[in-house]
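>>> Curious how this folds, go ahead:
(chains A and B)
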Amino acid sequence: MSPLLRFQDVGRSFLTASGLQTVLQNLNVELYAGEFAAITGPSGSGKSTFLNLCALLDEPSSGEVFFDGASTSRLSEDKLDRLRKQSVGMVFQHYCLLPYRSVLDNVLFRFRYLAMDKYEVQKLAWDALAMVGMAEHAQRQTNLLSGGEMQRVGIARAIALRPRVLVADEPTGNLDRKSAEQVMRCLKQLGDAGDMAILLVTHDESLLRFASRHLQCDSGSLSEASTMTTRSFHDSKRPP
Amino acid sequence: MTPHSQARSPLLNDIWQELRSRPGRFALSMFAMSLGMSILSALIAMLLGLEEKSRDLSKQLGTNVVAIFQEDSRAAHPLLPKHTSFLRSNYPNGEISGIRHGVETAGVFSGISIAGVEPAYFQLRDWQLVAGRLLDERDLRERKRVAVVSEYLLEQHQLALGMSLPLGMSALRIVGVVSNPSNAISDKLSDGPLAIGANTLYLPLTLEDLWDTREYQANPLDGIFLRIPDYDSADQALSGLQALLEQPDLALERLTWVIPSNLIDKVRKMQGMVALTVGAIATLCLSLGGTTLSSILVSNVRERVAEIGLRRALGASRTDITVLFIVEGCVVAVAAALVGALLAHVLLATELASKTGLPISLGISSLMLPLAMALLLGTLFSFIPARSAAKIKPAEALKFE
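Alright, predicted model coming up:
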């Protein structure tokens, strides 16, 4: 089984006023379909930069990122855009919902840049809403929802197209304990259900039990964490 | 998605939602642009009106007709009937008519133009006889107290063929009615004998003492109308005429020669003047409107960085983002053009237009050209904000989430 995402000697630096700042260096990571990887680490350690690279929103300064075996650095911008719209879903800490639009409108926005049959789009959107338990709120305006509900709409939008990689940047950062657990259960169900690779950044170690893999990000490098509270990941899915 | 938004294209739906969420801001830029667009629309209506005018002028003056006037009505050596005879002797086949005109100041016909003309005048101006007869040589020779009126005058004063009209101490009998002569020359483009038209009583030229109370040394004419026989040699014929009447023996001072091309030149000059003045105002207003639109779009881009990031994360390309903002700018500009053009049409269709004295042509062009201009300006002024939005890196943009 080949990895869905493979980072090979990946480094990412940014030119700042104080000079070149290296955020990630010599990253060698493989992520497989069906994995639910939680990434923890202090602020500024490069977690979000790593997620942006996973979501194909950013390009490495050195090394190569392989998506399903193909080097992304060899893809044109158009092909990257296409790959991103078809294969990547993102969940944001602050939900990033379109205000004053309905829950359903926000989920349908996932298909905004795709040429698909509108009935199929509607079906996928309703399925996604049902999956996160928000179908009955489909016509409500997003600005009237609670934080937990908004995040579930964000997740519905991200998964509506059944992406191969789901990237979630601190999705529970703004939620209370109950809502956070609800969102994590929702993500875990998705990880368990399909062949989607889920990458989640969190500061809340108590939520690690939902993940199948724990990566520790520190000073620009990523390593497997030694402790794993819960393993819902099916080892059979992972190559020896 | 609401049923309404489903019916629209996704791009227009996005723009509609954006306009709805910031109505005040877009109303401001629309207002700024619609001012310029209404002026532009008015400018186009005026220019088209003048263009139509220039096309009609030749017809209005009379085909191949030259009108000769004297700039100074109190000239020491005025145009006289003998000059008409002189021209007639040189152009035996040409139609020639002297004209003397004035305005009735008292009585029933106060305010009406009175023109003393010769029989050829009506043919020269291509005015059609509707009833009765036109003036003839006998009327002139025998100083018959007859008049020809237009249909307009007939209706306005409830006159009839054969009716007697009081004029000063005399009475005139209406012997003929002509179709309403085009008096479109009677505006700011022209005055004097050219300005007379429908609102005029036409009498034999020899009856001037009945109505013209001005004191003259001689019996001057206000103008002479003459048809150049061969249109192809109009310039040559005009030179010949000028040579005849401007010879030192006649001592005629400061003659004005009006031919269709003179009138058209006059219109062209006016077109240039209107284009320059109104065009400058329109350009200024449109620039201000465009700048307002541009700055509002720049501010929108700044406020919508997270949304741009989301769109990029969902697979929007740079082109998609550029198109979104350009179309947004164009929608505002086109809406402004529609409002502006309609406003201009409403204002020009009312009394305001007649007060300017300028010919106005309200048509599809004065609506479509501002729309085309709006598309151009919308694209132009939204291009820079749109490009700057497209250049935002998605990873950077999502930091503003």
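>>> give me every residue that touches residue A:90.
When contacts are counted by Cβ atoms under 8 Å, 6 or more residues apart in numbering or on different chains, residue A:90 touches A:55, A:158, A:166-169, B:313. Placement of C-beta: from N, CA and C, glycine included.
>>> That one: what secondary structure?
State at residue A:90, reduced to three classes by DSSP: H, G, I helix; E, B strand; the rest coil: strand.
>>> Low-confidence regions, the chain specifically.
By default, I'm working from chain A. In the prediction, chain A carries residues with pLDDT under 70 at positions A:194, A:226-240.
>>> Not quite, go with chain B.
Confidence mapping of chain B against pLDDT under 70 gives the ranges B:1-8, B:58-60, B:62-63, B:73, B:104-109, B:181-197, B:213-218, B:229-234, B:351-357, B:401.
>>> So which residues on chain B come close to chain A?
Proximity of chain B to chain A, by Cβ under 8 Å from any Cβ of the partner chain, involves residues B:1-2, B:5-6, B:10, B:14, B:17, B:20-21, B:306-307, B:309-318, B:320, B:393-395, B:398, B:401.
>>> got the contacts of residue A:90 as JSON lines, with distance to residue A:121 and secondary structure columns?
Shown next, in JSON lines, are the contacts of residue A:90 (distance: Cβ to Cβ, whole Å; DSSP: H, G, I helix; E, B strand; the rest coil):
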{"residue": "A:55", "distance to residue A:121": "22", "secondary structure": "coil"}
{"residue": "A:158", "distance to residue A:121": "15", "secondary structure": "helix"}
{"residue": "A:166", "distance to residue A:121": "19", "secondary structure": "strand"}
{"residue": "A:167", "distance to residue A:121": "22", "secondary structure": "strand"}
{"residue": "A:168", "distance to residue A:121": "23", "secondary structure": "strand"}
{"residue": "A:169", "distance to residue A:121": "26", "secondary structure": "strand"}
{"residue": "B:313", "distance to residue A:121": "18", "secondary structure": "helix"}
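>>> For residue B:144, which non-adjacent residue is spatially closest?
Nearest residue to residue B:144 in three dimensions, chain neighbours excluded: residue B:204, at 6.4 Å (Cβ to Cβ, 6 or more residues apart in numbering or on different chains).
>>> ok, that neighbour - contacts?
B:116-118, B:135, B:139-140, B:143-144, B:146.
>>> Could you pull up phi and psi at it?
With angles defined as degrees, to the nearest 10, residue B:204 sits at phi -60, psi 140.
>>> in the sheet, who's paired with it?
On DSSP bridges, the residues paired with residue B:204 through beta bridges are residue B:117.
>>> how near is it to chain A?
Distance of residue B:204 to chain A, given as Cβ to the nearest Cβ, to the nearest Å: 82 Å.
>>> Please apply the same query to residue B:141.
When distance is defined by Cβ to the nearest Cβ, residue B:141 is 90 Å away from chain A.
>>> For chain B, what is the nearest residue in chain A?
Here chain A gets closest to chain B at one residue, residue A:85, 2.0 Å apart by Cβ to the nearest Cβ.
>>> Run a quick neighbour tally on that residue.
22 (other Cβ atoms under 10 Å in any protein chain shown).
>>> shouldn't residue A:60 be in contact with residue A:10?
Yes: the pair residue A:60 / residue A:10 is scored as a contact, 4.5 Å apart, by Cβ atoms under 8 Å.
>>> Next, give phi and psi for residue B:120.
According to degrees, to the nearest 10, residue B:120 has phi -70, psi -10.
>>> doesn't residue B:95 make contact with it?
Yes: counting by Cβ under 8 Å, residue B:95 is a contact partner of residue B:120 at 4.2 Å.
>>> before we move on, back to that, can you check which residues contact both of residue A:60 and residue A:10?
A:24, A:53.
>>> ok, back up a step: would JSON lines of the contacts of residue A:90 with distance to residue A:142 and neighbour count be doable?
Output for the contacts of residue A:90, formatted as JSON lines (distance: Cβ to Cβ, whole Å; neighbours: other Cβ atoms under 10 Å in any protein chain shown):
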{"residue": "A:55", "distance to residue A:142": "22", "neighbour count": "23"}
{"residue": "A:158", "distance to residue A:142": "15", "neighbour count": "27"}
{"residue": "A:166", "distance to residue A:142": "20", "neighbour count": "25"}
{"residue": "A:167", "distance to residue A:142": "21", "neighbour count": "27"}
{"residue": "A:168", "distance to residue A:142": "18", "neighbour count": "27"}
{"residue": "A:169", "distance to residue A:142": "19", "neighbour count": "23"}
{"residue": "B:313", "distance to residue A:142": "17", "neighbour count": "26"}
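>>> export these to CSV and tack on distance to residue B:328?
Compiled in CSV, the contacts of residue A:90 are given as follows (distance: Cβ to Cβ, whole Å):
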residue, distance to residue B:328
A:55, 27
A:158, 26
A:166, 31
A:167, 29
A:168, 31
A:169, 29
B:313, 20
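>>> Just give me the closest of those residues to residue B:128.
For these, the residue nearest residue B:128 by Cβ to Cβ is residue B:313; the value is 76.5 Å.
>>> Could you check how many residues crowd around the residue in the stretch 201-350 of chain B positioned nearest to chain A?
Proximity of the stretch 201-350 of chain B to chain A (Cβ to the nearest Cβ) peaks at residue B:315, 2.0 Å away. When neighbours are defined as other Cβ under 10 Å, residue B:315 has 23 of them.
>>> gap between it and residue A:155?
Distance check for residue B:315 against residue A:155: by Cβ to Cβ, to the nearest Å, it reads 18 Å.
>>> Can you tell me the closest non-neighbouring residue to the spatially most central residue of chain A?
Of all residues in chain A, the one closest to the mean position by Cα atoms, centre = their mean is residue A:167, 0.7 Å from it. Spatial nearest neighbour of residue A:167, excluding adjacent residues (Cβ to Cβ, 6+ apart): residue A:55 at 4.5 Å.
>>> again, but for residue B:371
Using Cβ to Cβ, 6+ apart and skipping the chain neighbours, the partner closest in space to residue B:371 is residue B:337 (5.0 Å).
>>> Run through the residues of chain A sitting next to chain B.
Residues of chain A lying near chain B (Cβ under 8 Å from any Cβ): A:49, A:52, A:55, A:57-58, A:77-78, A:81-82, A:84-86, A:88, A:90, A:92-94, A:96, A:98-102, A:104-105, A:108-110, A:112-114, A:118.
>>> Got a ChimeraX select line for the buried ones in these?
Selection of buried members from the residues of chain A next to chain B for ChimeraX, criterion 16 or more other Cβ atoms under 10 Å in any protein chain shown:
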select /A:49,52,55,57,58,81,82,84,85,88,90,92,93,94,96,98,101,102,104,105,108,109,110,112,113
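>>> So which of the residues of chain A next to chain B sit within strands?
Per DSSP state E, strands hold the following members of the residues of chain A next to chain B: A:88, A:90.
>>> longest helix in the chain, by residue count?
I went with chain A, as the question did not name one. As assigned by DSSP state H, the longest helix anywhere in chain A is helix A:177-193.
>>> I was after chain B.
helix B:260-303.
>>> How far off centre is that one?
Its chain's C-alpha centre and that of helix B:260-303 lie 18 Å apart, by Cα atoms, centre = their mean, to the nearest Å.
>>> Now do that helix: which elements does it pack against?
With contacts taken as 3 or more Cβ pairs under 8 Å, 6 or more residues apart in numbering or on different chains; DSSP states H and E, helix B:260-303 sits against helix B:23-61, helix B:318-349, helix B:365-391.
>>> Tell me which other helices or strands the longest helix of chain A touches.
Going by 3+ Cβ pairs under 8 Å, 6+ apart, helix A:177-193 lies up against strand A:36-40, helix A:118-131, helix A:147-159, strand A:165-169, strand A:197-201.
>>> For stretch A:19-31, buried residues please.
Buried-residue list, stretch A:19-31, by 16+ other Cβ under 10 Å: A:23-25, A:27, A:29, A:31.
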